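**Student:** Provided below are the primary sequence and the corresponding predicted coordinates.
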2 protein chains.
Amino acid sequence: MSLLVVGTVAFDEIETALGKTGKILGGAATYVGLAASHLVSDIRMSAVVGGDFPQEYLDIFAERQLDISGIQVVPEEKSFFWSGRYHDNMNQRDTLTTDLNVLAGFNPVLPPGYRDSKYLMLGNLTPAIQRQVIEQMDRKPGLICMDTMNFWMDTAWDDLLSVVALVDVLAVNEEEARQLSGEYSLVRAARKIQSMGPEYVIVKRGEHGALLFYKDHKFYAPAMPLEAVTDPTGAGDSFAGGFMGYLAKVDDISFESMKNGLIYGAVMASFSVEKFGTKRLLEISSHDIQERLAEFVKLVAFSI
Amino acid sequence: MSLLVVGTVAFDEIETALGKTGKILGGAATYVGLAASHLVSDIRMSAVVGGDFPQEYLDIFAERQLDISGIQVVPEEKSFFWSGRYHDNMNQRDTLTTDLNVLAGFNPVLPPGYRDSKYLMLGNLTPAIQRQVIEQMDRKPGLICMDTMNFWMDTAWDDLLSVVALVDVLAVNEEEARQLSGEYSLVRAARKIQSMGPEYVIVKRGEHGALLFYKDHKFYAPAMPLEAVTDPTGAGDSFAGGFMGYLAKVDDISFESMKNGLIYGAVMASFSVEKFGTKRLLEISSHDIQERLAEFVKLVAFSI
């Protein structure tokens, strides 16, 4: 089934204890789209880039069969740029630069062929923009998943709530779930968020995995303990890509299917962090994915 | 099968955002023994208390069928006392008081009836004392599990390594695993620790669950997401009690059995934190345990 991915396509510059990249391909929609492309073929990208964005990066998307007709190029502007430095433990980072550039005026106009997409992933963007995307759809997608961040809770609360009310799945990290709900316990936070609209709440916990809440049900997808984490950038978006890519592939939004989606999300996130930027997502094969999947099955299997 | 538990039996005083206890029953061996007592009956306690330790607390152990003939009472001394205050998030705490008192001279002499114990849980104690316990056994127990802490890595490194070399399972938290191994990645840390002696390494991650490493195998037991955490004190020891209690019950130390042990550990830890001190461990029934166990099965079950 078709998956529409809306979010940033950008330049990142990343520094860790292991080294420093130059300007490389980054952005939430980039990671979501590339991760999902291993699972489903009909993916439509909506984003905006500047005239400085290399054709070679657009070609990467095209090679992975992503529809990039919805990536607007604004020749006179520069692409969104983020740079950050990770602490030695990889769990904390300092943002060094955030140049919105072309993103400041991003007003996505969906190509007509995008408007019937059955699955919609709204990457972290201004809530008003996220809502405009939903309003452009021909009909309500079968499933809408959104990401957001604390910044919008501080600066655009009402807008944010109005979008949250429209989506089926909210996927946020622990801190965001707590701020949005005003509850410290994740069980209570999820229940509060469910009352705001989303039937499903995913709490992403980084190296500790992710929790899915649905009605009174809970599901825990662990993160894979790895030999080494090279670059955590995009892990959460790769997770979202694996999750939505799987759901779009099987076209089944039952709770059982969502659980599998979380595992695929964890699989894609575990690859993403193994090399800088999108490198690992671009080189893995379906065989690699099946092997990692089998490792996940073993990681949590027990029989009491 | 018989389980010998060596560690502290003490007074705790605990303060959280929800309230403050007076002096209550605490200590690592207390939590281990009480948690294990729900799973296995032949439990032998080795500890030391002062003349101020109430008979009523010893009666609690006796009522749960724990053998307390190895709890030495030193009438002229006071019992070990710890007090601490938890931050609002319950993940950090400040120690307010640590009065070693009678523990300073603790030199456990195992009653003859303890020396054939098949399972041995060494709670966090001076490494030299832990070794003395092992040396008093008639023969090497079927399984020795030990806990320790950063303090001994800073102050008794050689002693610590000499005990680590003698045990089958080391159960420590993330920070301890990292300090002991000098490796940040838990996969690498576990491998390094395995090379020091223990065939099994358990990394306790608090609200994020626990990891078990054995050869190249990994197993992840989640923590149960709870409505509220009232008091995290003793969660790690309750975990150890559930783990060792289960192994002693089934008398099977295969990797498959260890996985189940971790789940029972997570079950007991999830109860322990629901009320102050040992209160919840003392009131749960086997029905409660079976229900919680079923929740854990559901928490991680998926079928891809």
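**Tutor:** That came through, no problem.
**Student:** once you drop chain neighbours, what's closest to residue A:90?
**Tutor:** Of all residues not flanking residue A:90 in the chain, residue A:229 sits nearest, at 4.9 Å (Cβ to Cβ, 6 or more residues apart in numbering or on different chains). Heads up, the C-betas are built off the backbone N, CA and C, glycines and all.
**Student:** that neighbour: neighbouring residues, count only.
**Tutor:** Residues lying near residue A:229 (other Cβ atoms under 10 Å in any protein chain shown) number 22.
**Student:** list the residues that contact it.
**Tutor:** Applying Cβ atoms under 8 Å, 6 or more residues apart in numbering or on different chains to residue A:229 gives the contacts A:90, A:207, A:273, A:274, B:185.
**Student:** top of these by neighbour count?
**Tutor:** residue A:273 (23 neighbours).
**Student:** what residues does it make contact with?
**Tutor:** Each residue near residue A:273 by Cβ under 8 Å, 6+ apart is listed here: A:226, A:229, A:230, A:231, A:232, A:235, A:280.
**Student:** ok, residue A:203 next?
**Tutor:** Residues in contact with residue A:203 (Cβ under 8 Å, 6+ apart) are A:172, A:173, A:174, A:177, A:186, A:189, A:190, A:210, A:211, A:213.
**Student:** so what's the second one bridging to?
**Tutor:** Each beta-bridge partner of residue A:173 is listed here, defined by DSSP bridges: residue A:204.
**Student:** isn't it right next to residue A:204, touching?
**Tutor:** Yes: taking contacts as Cβ atoms under 8 Å, residue A:173 lies within contact range of residue A:204: 4.9 Å.
**Student:** what touches both of the two?
**Tutor:** With Cβ under 8 Å, 6+ apart as the test, residue A:173 and residue A:204 both reach residue A:236.
**Student:** more neighbours: which of the two?
**Tutor:** Higher neighbour count among residue A:173 and residue A:204: residue A:204, with 25 against 18, using other Cβ under 10 Å.
**Student:** what does the average pLDDT come to for stretch A:236-247?
**Tutor:** Per-region confidence: stretch A:236-247 scores 98 on mean pLDDT.
**Student:** try stretch A:76-86
**Tutor:** On average, stretch A:76-86 scores 96.
**Student:** tell me which residues of that stretch come out buried.
**Tutor:** Using 16 or more other Cβ atoms under 10 Å in any protein chain shown as the test for burial, stretch A:76-86 gives A:77, A:78, A:79, A:80, A:81, A:82, A:83, A:84, A:86.
**Student:** going by distance to chain B, which of the contacts of residue A:273 wins?
**Tutor:** residue A:226 (6.3 Å; Cβ to the nearest Cβ).
**Student:** still on that earlier bit, quick one: the contacts of residue A:203 as CSV, columns for pLDDT and distance to residue A:6 too.
**Tutor:** As requested, these are exported to CSV (pLDDT from 0 to 100; distance: Cβ to Cβ, whole Å):
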residue, pLDDT, distance to residue A:6
A:172, 96, 17
A:173, 95, 20
A:174, 95, 24
A:177, 98, 22
A:186, 97, 27
A:189, 98, 25
A:190, 98, 24
A:210, 98, 21
A:211, 98, 25
A:213, 98, 24
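**Student:** circling back: give me the subset of the buried residues of stretch A:76-86 lying in strands.
**Tutor:** Among the buried residues of stretch A:76-86, the members falling in strands (DSSP state E) are A:81, A:82, A:83, A:84, A:86.
**Student:** possible to save the residues you listed as a markdown table with distance to residue B:41?
**Tutor:** Shown next, in a markdown table, are those (distance: Cβ to Cβ, whole Å):
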| residue | distance to residue B:41 |
| --- | --- |
| A:81 | 65 |
| A:82 | 60 |
| A:83 | 61 |
| A:84 | 56 |
| A:86 | 51 |
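**Student:** how about residue A:120, secondary structure?
**Tutor:** strand (DSSP: H, G, I helix; E, B strand; the rest coil).
**Student:** look up how far residue A:134 lies from it.
**Tutor:** Distance of residue A:120 to residue A:134, computed by Cβ to Cβ, to the nearest Å: 7 Å.
**Student:** which residues touch residue A:124?
**Tutor:** By Cβ under 8 Å, 6+ apart, the contact list for residue A:124 reads A:7, A:8, A:28, A:147, A:148, A:149.
**Student:** which residue packs closest to it, ignoring adjacent ones?
**Tutor:** residue A:147 (4.5 Å).
**Student:** check which helices and strands the lengthiest helix in chain A sits against.
**Tutor:** In chain A, with assignment by DSSP state H, the single longest helix is helix A:255-272. Helices and strands touching helix A:255-272, by 3 or more Cβ pairs under 8 Å, 6 or more residues apart in numbering or on different chains; DSSP states H and E, are helix A:28-36, strand A:210-214, strand A:217-221, helix A:235-250, helix A:279-283, helix A:286-300.
**Student:** the third one vs strand A:210-214, what angle?
**Tutor:** Right, the one you point to is strand A:217-221. Strand A:217-221 runs at 160 degrees relative to strand A:210-214, counting by axes from the mean of the first three to the mean of the last three Cα atoms, to 10 degrees.
**Student:** ok, and what's touching stretch A:254-265?
**Tutor:** Applying Cβ under 8 Å, 6+ apart, the external contacts of stretch A:254-265 come out as A:39, A:169, A:200, A:202, A:210, A:212, A:214, A:217, A:219, A:221, A:238-247, A:250, A:293, A:296, B:301-304.
**Student:** switch to 7 Å and redo it
**Tutor:** Contact with stretch A:254-265 is made by A:39, A:200, A:210, A:212, A:214, A:217, A:219, A:221, A:239-240, A:242-243, A:245-247, A:250, A:296, B:302, B:304, as judged by Cβ atoms under 7 Å, 6 or more residues apart in numbering or on different chains.
**Student:** in it, what's buried?
**Tutor:** Across stretch A:254-265, burial judged by 16+ other Cβ under 10 Å covers A:258, A:259, A:260, A:261, A:262, A:263, A:264, A:265.
**Student:** cool, and stretch A:16-28?
**Tutor:** Across stretch A:16-28, burial judged by 16+ other Cβ under 10 Å covers A:16, A:21, A:24, A:25, A:26, A:27, A:28.
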